[in-house]
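Participant: Test case, fold it:
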Amino acid sequence: MIRLWDHVGRALLLAFGLVLLTNAAAFAQHDGAITVPSANAIVSGTVTVEGFATHPTFRKWQLDLLLDGDADRATFLALGEKPIVAPSPLLTWDTTPYPNGEHLLRLRVVHSNLNYEEIFSPIVIMNGDAAPLAEKPERAEAETKPENPSQGTAEAAPVVFRTDAPPDGERWIEVIVSEQKLIAWQGDTPVFETIVSTGKPGFATIPGEFRIYVKYDKTRMRGPGYDTPDVPWTMYYYRGFAIHGAYWHNNFGTPVSHGCVNLRVPEAKALYDWASVGTRVVVRP
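Facilitator: Below is the predicted model:
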């Protein structure tokens, strides 16, 4: 009888060990994971996002929010340049600036050869007086309609350039990195001014005097750790440095780019239409 239980015990231990090994192997198949909040969690206010990100040739990890699950509407949230081998806080995140609804958190783990793995976790943002999910389509439709149709919305307001500048004045663009500001000039008259996002630490926006050498209404930008399609209203002025619209974040006034000068998309279009190839660009520290 003792021998029988001994064999049974060994079999159970072996089976349990195989389960652990199988789970560990499945866990190791991925370079990272978002562990908190859990999939399909409803979040509001300030939340902590936790996870891990590691790889034998780890370069960095990046956390984004895909609005409505659309990769073309990705918004940058956080970045780390050290591997995280066990679930740990990645970001203390204020969800209130983001729209209520069903979105995706995306964790991208980048390898040294610039390959990467993407891990997705669905969440629901519900702040303030958000309607229940069942009512979401009706509410969303209502919110897109202004109370007075003749007034329109703030987002739809046109970007206006001054028209009283000397007509023979040189059109040129000034970027002041320390103030995160862009000014369009016509001669000595500022005709347009806005806040921008220039290069974050390690990705400086190089100061100097340049000229726009090519324009694209839409282009793909790739570099270490990023691959962004359909970058709108792009004007290259020095090597890979450009002034362009940014649809993936709303952190204007804060350095977040890889060295380019980011504008809100409507402003980028207005500047694109105003400037031409050869327009002078002065970037000040």
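
Participant: List the buried residues for stretch 162-177?
Facilitator: For stretch 162-177, the neighbour count (16 or more other CB atoms under 10 Å) marks 165, 171-177 as buried. The way it works is simple: take the backbone N, C-alpha and C, and place the C-beta from them, glycine included.

Participant: From start to finish, how long is that stretch in a straight line?
Facilitator: The straight-line separation of the ends of stretch 162-177 (CA to CA, to the nearest Å) is 23 Å.

Participant: one step back: pick out the lowest-pLDDT one from the buried residues of stretch 162-177.
Facilitator: Lowest pLDDT of the buried residues of stretch 162-177: Ala165, 92.

Participant: how far away is that one from Glu209?
Facilitator: Remark: distance between Ala165 and Glu209 (CB to CB, to the nearest Å) = 21 Å.

Participant: sorry, back to before: spatially, which two of the buried residues of stretch 162-177 are the most separated?
Facilitator: Ala165 and Val177 (24.6 Å; CB to CB).

Participant: which residues of the stretch 151-285 of the chain score low on pLDDT?
Facilitator: Across the stretch 151-285 of the chain, the ranges flagged by pLDDT under 70 are 151-157.

Participant: The stretch 1-150 of the chain too?
Facilitator: For the stretch 1-150 of the chain, the ranges with pLDDT under 70 are 1-29, 128-150.

Participant: all helices for it, in order.
Facilitator: Under the criterion DSSP state H, counting those that start in this stretch, the stretch 1-150 of the chain contains helices at 2-28, 136-143.

Participant: Then the stretch 151-285 of the chain?
Facilitator: 265-274.

Participant: And the strands in it, which stretches?
Facilitator: 171-176, 181-186, 189-195, 208-211, 214-223, 226-238, 241-245, 261-263, 280-284 (DSSP state E, counting those that start in this stretch).
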